[in-house]
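>>> Here's a sequence, model it:
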Amino acid sequence: MIVGILGCFLPIIPGPPVSFIGILLLEWTEKSPFDSDTLWLWGLIAAGVTALDYVVPVYGTKKFGGTKRGVWGSTIGLIVGLFFGPLGIILGPFIGAFLGEMSTGKSTNKEALRAAFGAFVGFAVGVLIKLIASGWMAWIFFTNIF
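Residues are numbered from 1 along each chain as shown. The predicted model follows:
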């Protein structure tokens, strides 16, 4: 469950699916608190949130006038930002999207900043959605263990 929560911030780990695996592992113990409908619901939530995580940042970037380079820059910025702690996780996607937009040669500073803000908003919304789903699964997991 902890790895699932971390996966909400780390793009390498799929947070909600890992959290769902934790729910499945709990189901296979003596406690087994879930019925099949609940497991199917959590599986669909994990899949849906994971799918949304790919759509929301792209939508945010494009909504604010960004390009694919802005989206890639945001992702790379997040990965680099991981090495700089919480501030890096927050600023990395923004700076990465800005640099990605500037690398196209077509964007002015104002356009690149706008697209970078869109990438950041999309990233933040994606993280929030994943965190809600994984956090809820972790809460269910830990309340059923103890």
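
>>> quick one, helices of the chain?
2-6, 15-27, 36-63, 68-81, 85-102, 109-145 (DSSP state H).

>>> Can you say which of these is packed in most?
Most buried of the helices of the chain by mean neighbour count (mean count of other C-beta atoms under 10 Å) is helix 68-81; its value is a mean of 22. Bear in mind the C-beta positions are built from the backbone N, C-alpha and C, glycine included.

>>> List of residues touching it?
Helix 68-81 has contacts (C-beta atoms under 8 Å, 6 or more residues apart in numbering) with 11, 57-58, 61, 87-101, 103-104, 112, 115-116, 118-120, 122-123.

>>> OK, contacts around the spatially most central residue of the chain?
Closest residue to the average C-alpha location of the chain: residue 127 at 3.7 Å, with C-alpha atoms, centre = their mean. Residue 127 makes contacts with 8, 9, as judged by C-beta under 8 Å, 6+ apart.

>>> ok, it to residue 95 distance?
Per C-beta to C-beta, to the nearest Å, residue 127 is found 17 Å from residue 95.

>>> remind me which residues of the protein are low pLDDT?
Nowhere does the chain drop to pLDDT under 70.

>>> rerun at 90
8-13, 26-36, 38, 51-94, 96-97, 101, 104-112, 114-124, 126-127, 143-146 (pLDDT under 90).

>>> Just list the residues touching residue 22, thanks.
Listed by C-beta under 8 Å, 6+ apart, the contact set of residue 22 reads 1, 4, 137, 138, 141.

>>> any idea which of those residues is closest to residue 108?
For the contacts of residue 22, the residue nearest residue 108 by C-beta to C-beta is residue 4; the value is 40.6 Å.

>>> so that closest one touches residue 18, yeah?
Yes: using C-beta atoms under 8 Å, residue 4 is in contact with residue 18, at 4.0 Å.

>>> Can you tell me, leaving aside adjacent residues, what's nearest to residue 113?
residue 98 (6.3 Å; C-beta to C-beta, 6 or more residues apart in numbering).
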